[in-house]
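# The sequence and its predicted three-dimensional model are supplied below.
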Amino acid sequence: MEILKILEFPDKRLRRVSEPVTVFDQELKTLSDNMLITMYEERGVGLAAPQVNNPVRLIVMDISEERDQPLVFVNPVVDSYKGKTESNEGCLSVPDIKTDIKRHETITLHAQDLKGAQITIDADGLLSICIQHEIDHLDGKLFIDYISDIKLQRIRKKAAKQNKAARIERQKNTRLI
Ligand code: ZN
């Protein structure tokens, strides 16, 4: 197993649209395992393959407090949305930035598992938010795209002012997806 390097904004490779997975082999399983250990190592809640410079439609996440319930979705598609919700988001590819983002409250997800079998789940709460955030990565979108440039600049200035120790302390207590 290998901890992978996470690409960081403004790296242009984060803007690529990822390709569908067509081969469900050991290589895919290895990528998924490495993404999960990278996500746990970096204290993230979710990670998308393009964030580790592998532009295929694969996302992993774990929203459990105990960090022992890994989820893997291949070729994820959301086809039903209900309600609106807003929550504070961060991202392993956009260090130090946290901001409130509006998302759909409940969604229906269709995806495949690592063997290619179909999965359908209804999700709400953090799981729904995380799935929407990770699928955005597959389409080359970042959560900061939802806020204005002016607001982003303000947040970045504020983050730059905080000293590093405070930032590390804060990072420990926030979820990054
Ligand atoms: Zn992210």
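Here it is on my side, so go on.
# So what touches the helix ranked longest in the chain?
Secondary structure of the chain per DSSP state H: the longest helix is helix 26-41. Helix 26-41 is contacted by residues 1-4, 6, 21, 45-47, 49, 52, 54, 56, 58, 60-62, 67, 70, 72, 74, 92, 114 when judged by Cβ atoms under 8 Å, 6 or more residues apart in numbering. Bear in mind the C-beta positions are built from the backbone N, C-alpha and C, glycine included.
# Could I get the buried residue list for it?
Neighbour counts using 16 or more other Cβ atoms under 10 Å place L28, L31, S32, D33, N34, M35, L36, T38, M39, Y40 of helix 26-41 among the buried residues.
# Let me know the closest of those residues to R154.
Here the nearest of the buried residues of helix 26-41 to R154, counting by Cβ to Cβ, is M39; it sits at 28.8 Å.
# hang on, T85 in a strand?
Yes. Assessed with DSSP: H, G, I helix; E, B strand; the rest coil, T85 lies in a strand.
# got a list of what it touches?
Counted by Cβ under 8 Å, 6+ apart, T85 has contacts K102, R103, H104, E105, S128, I129.
# could you redo the last one with a cut-off of 6 Å?
The neighbours of T85, taking Cβ atoms under 6 Å, 6 or more residues apart in numbering as the test, are R103, E105.
# and it, what are its bridge partners?
Note on T85: beta-bridge partners by DSSP bridges are R103.
# From V23, how far out is it?
From T85 over to V23 the distance is 36 Å, taken as Cβ to Cβ, to the nearest Å.
# Which of the three states applies to E134?
helix.
# oh, I was asking about E66
coil.
# Neighbours of it, how many?
E66 has 6 neighbouring residues, counting by other Cβ atoms under 10 Å.
# Can you read off the pLDDT for I63?
pLDDT for I63: 96.
# State the helix or strand in which it lies.
Taking DSSP states H and E as the definition, one finds I63 inside no helix or strand.
# I'd assumed D124 was in contact with it.
No. Look at I63 against D124 with Cβ atoms under 6 Å: they stay out of range, at 11.3 Å.
# For these two, indicate the residue with more neighbours.
I63 (19 against 14).
# Distance of the residue nearest to that one when sequence neighbours are not counted relative to R175?
In this structure, I63 finds its nearest non-sequential neighbour in L126, 4.8 Å apart by Cβ to Cβ, 6 or more residues apart in numbering. The gap separating L126 from R175 is 8 Å, by Cβ to Cβ.
# re the thing from before, what's the closest of the buried residues of helix 26-41 to A159?
Closest to A159, out of all of these and judged by Cβ to Cβ, is M39, at 22.1 Å.
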